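Undergrad: Below are the sequence and a predicted model for it; my questions follow.
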Amino acid sequence: MICAGRRHLVRTLADLAAQQGVELQTFLNQAVHKRAGYPAPISSPGARALLFDGEQVDAYLTGRPAPLLRSEGDDQEHEDDDLLDRREAAAVLGVVPDSWRVYKRAPLLTEHMTVVGGVEHWPRGIVHRYRDTRPGRTAATGRPTGSGDQVPRDELLPRTAPLLDADPAVTATAVVEQLGVTRSTAQGALTRLRADRIADLVQKRPELSPDEAAAALGYPPALARRATARAVTVLRARAAAPYLDDVAAAAHRAGWTTTETVPDVQFPGGDRVVAALVLDGDQAPVPALVWDERYGWRTAASRRHPITRDASSEGGGVRYLAGGVTPPPAALIAALSA
C-alpha cells in the first residue's frame, strides 16, 4: 500500500534506474532492487508493476537507516487515506484479484480511483465503504435469503455479458454483488453466456474441443464445467435448427400457424435439446408440437406450456408420432392430417 501522505514519494523502477543514471534494462539486468538491504517494494506481493518509497531508497543509497513505514492498524486516524492496489482492495472484499476488474466498475470506486506510478489505486476508506454498503452483504450469497432478483429476466443476459467481457473468470458471487440477483440466477446466466461463446468459438474453429475453446476464452475449468457441457448441447441444437425451421415452414404452409414462427428451443436439464412449435392456426390439429432429440415429435395438449417435465408416456393429449427422430416435414404434416 501507499501510506497516507506519501504518494509524492512513490517511485517506479524506471525512476530508480534514472536516479542511478542507468537504463532501465541495465538496472533490471543487474537486479539492483533485489540486493540485500534494498528497501522492499510497497506494492502488494505478486504485483507486476513494482513501486518503492523514495525516502527509503534515498536512505539506502546514502547509507542511512531506512525509515519504517506504517502498517495497517498502526494509525487508524489516517489509514482511510492509504492507497490500495487491486490485490489489496480485493483482499478487503475477500475476492480473488482478477475479480476486482468487475468490482471496480462500481460508481463509488470508479469515482475515487487514482493512478500512481502507472498503477490503479483506491483509498482504503472508500474500499471499506463499498464493502460495507454494497448490495446483499447481509447474506452469504450476496442477497438476503428469500429475496427476489432486482433485474428483469429479459435484461439479465445483456447486463451480465459486460461483466463476463471484463473478466472471463468472473464468479457468480461477483454478479450477485453487481446486479442484485440470487446466486442461482447469476450462475445460470454465466453458464448460458459461457456456453454460447464456447459454441461460437467451436463453430468458428472446428479443430477445437469445447474444453479447448473454454480455455482459449479464459474460462477457468472449475467455472466452465457446466458451460462446457451445455455448449455441447447448444451445438447439437444449432445443427438441428435448419430441420426445425423446415418443419415450422411446412406447418405454416398447411395453415396451422398464423406466422412462419421459429420453434422455441430449450435445454431441459442442460443436456438435451427440446423444441416447441405452437400451432395457433384455426385448422391446427393439435395445440402444439414438441420435438425431443431423443424421441422425435409428439403432440402437446397446451399451447402455453407445451414442454412438460415428464412426457415419456402417451395420454392426456400427448401422442408420439412415428417416423424416427427427424422425419421429413411433409411426412410429419401428412401424419397429423390423417
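TA: Noted; the coordinates are in hand.
Undergrad: Please parse the chain into its domains.
TA: For the chain, the structural domains run 7-133, 153-219, 239-337, going by automatic domain parsing.
Undergrad: Format the ones you listed as TSV; extra columns: mean pLDDT.
TA: Shown next, in TSV, are the domains of the chain (pLDDT from 0 to 100):
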stretch	mean pLDDT
domain 7-133	86
domain 153-219	90
domain 239-337	87
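Undergrad: can you give me the helices for the stretch 151-300 of the chain?
TA: 153-166, 172-179, 183-204, 210-216, 221-253 (DSSP state H, counting those that start in this stretch).
Undergrad: got the buried residues for the last one?
TA: To tie it back to what came earlier, the one meant is helix 221-253. For helix 221-253, the neighbour count (16 or more other Cβ atoms under 10 Å) marks 223-224, 226-238, 240, 243-244, 247-248, 250-252 as buried. Placement of C-beta: from N, CA and C, glycine included.
Undergrad: one step back: nearest to Met1 among the domains of the chain would be which one?
TA: Met1 lies closest to domain 7-133 among the domains of the chain, at 4.9 Å (Cβ to Cβ).
Undergrad: Looks like Leu51 contacts Gly117 (just checking).
TA: Yes. Counting by Cβ atoms under 8 Å, Gly117 is a contact partner of Leu51 at 4.7 Å.
Undergrad: Now for those two: what residues contact both?
TA: The contact sets of Leu51 and Gly117 overlap at Val10, Arg11, Thr12 (Cβ atoms under 8 Å, 6 or more residues apart in numbering).
Undergrad: would you turn those residues into a markdown table with neighbour count, distance to Gly270 and secondary structure?
TA: Output for these, formatted as a markdown table (neighbours: other Cβ atoms under 10 Å; distance: Cβ to Cβ, whole Å; DSSP: H, G, I helix; E, B strand; the rest coil):
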| residue | neighbour count | distance to Gly270 | secondary structure |
| --- | --- | --- | --- |
| Val10 | 20 | 50 | strand |
| Arg11 | 21 | 53 | strand |
| Thr12 | 17 | 49 | strand |
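Undergrad: Pick the one among the residues you listed closest to Arg183.
TA: Val10 (39.3 Å).
Undergrad: check contacts around the closest one.
TA: Contacts of Val10 (Cβ under 8 Å, 6+ apart): Ile2, Ile42, Leu51, Phe52, Asp53, Gly54, Val116, Gly117.
Undergrad: which element is the fourth one on?
TA: Which is Phe52. Here Phe52 is covered by strand 51-53, with elements defined by DSSP states H and E.
Undergrad: If we go by neighbour counts, what in the helix or strand following that strand is buried?
TA: Counting by DSSP H and E, the element after strand 51-53 in chain order, helix or strand, is helix 54-61. By neighbour count on 16+ other Cβ under 10 Å, the buried set for helix 54-61 is Gly54, Gln56, Val57, Asp58, Tyr60.
Undergrad: Please identify which two of those residues are farthest apart in space.
TA: Gly54 and Tyr60 (10.6 Å).
Undergrad: Which stretches in this protein count as strands?
TA: Per DSSP state E, the chain carries strands over the ranges 10-12, 51-53, 83-84, 114-116, 119-123, 264-266, 274-278, 288-292, 296-300.
Undergrad: can you list the residues that contact the third one?
TA: Here strand 83-84 makes contact (Cβ under 8 Å, 6+ apart) with 1-2, 4, 7, 44, 92, 114, 116, 121-124, 127.
Undergrad: Which of the residues you listed are buried? Put it as a PyMOL command.
TA: Selecting only the buried entries of those in PyMOL, with 16+ other Cβ under 10 Å as the criterion:
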select buried, resi 1+2+4+44+121+122+123+124+127
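Undergrad: Most widely separated two among the contacts of strand 83-84?
TA: Among these, Arg7 and Val92 lie farthest apart (Cβ to Cβ), at 19.1 Å.
Undergrad: Now do the same contact list for the residue nearest the centre of the chain.
TA: Taking Cα atoms, centre = their mean, the centroid of the chain lies closest to Leu164, which sits 3.4 Å from it. Residues in contact with Leu164 (Cβ under 8 Å, 6+ apart) are Val170, Leu190, Leu193, Arg194.
Undergrad: Could you do Pro210 as well?
TA: By Cβ under 8 Å, 6+ apart, the residues touching Pro210 are Ile198, Ala199, Val202, Thr228, Ala231, Val232, Leu235.
Undergrad: at 7 Å instead, please
TA: By Cβ atoms under 7 Å, 6 or more residues apart in numbering, the contact list for Pro210 reads Ile198, Val202, Thr228, Ala231, Val232.
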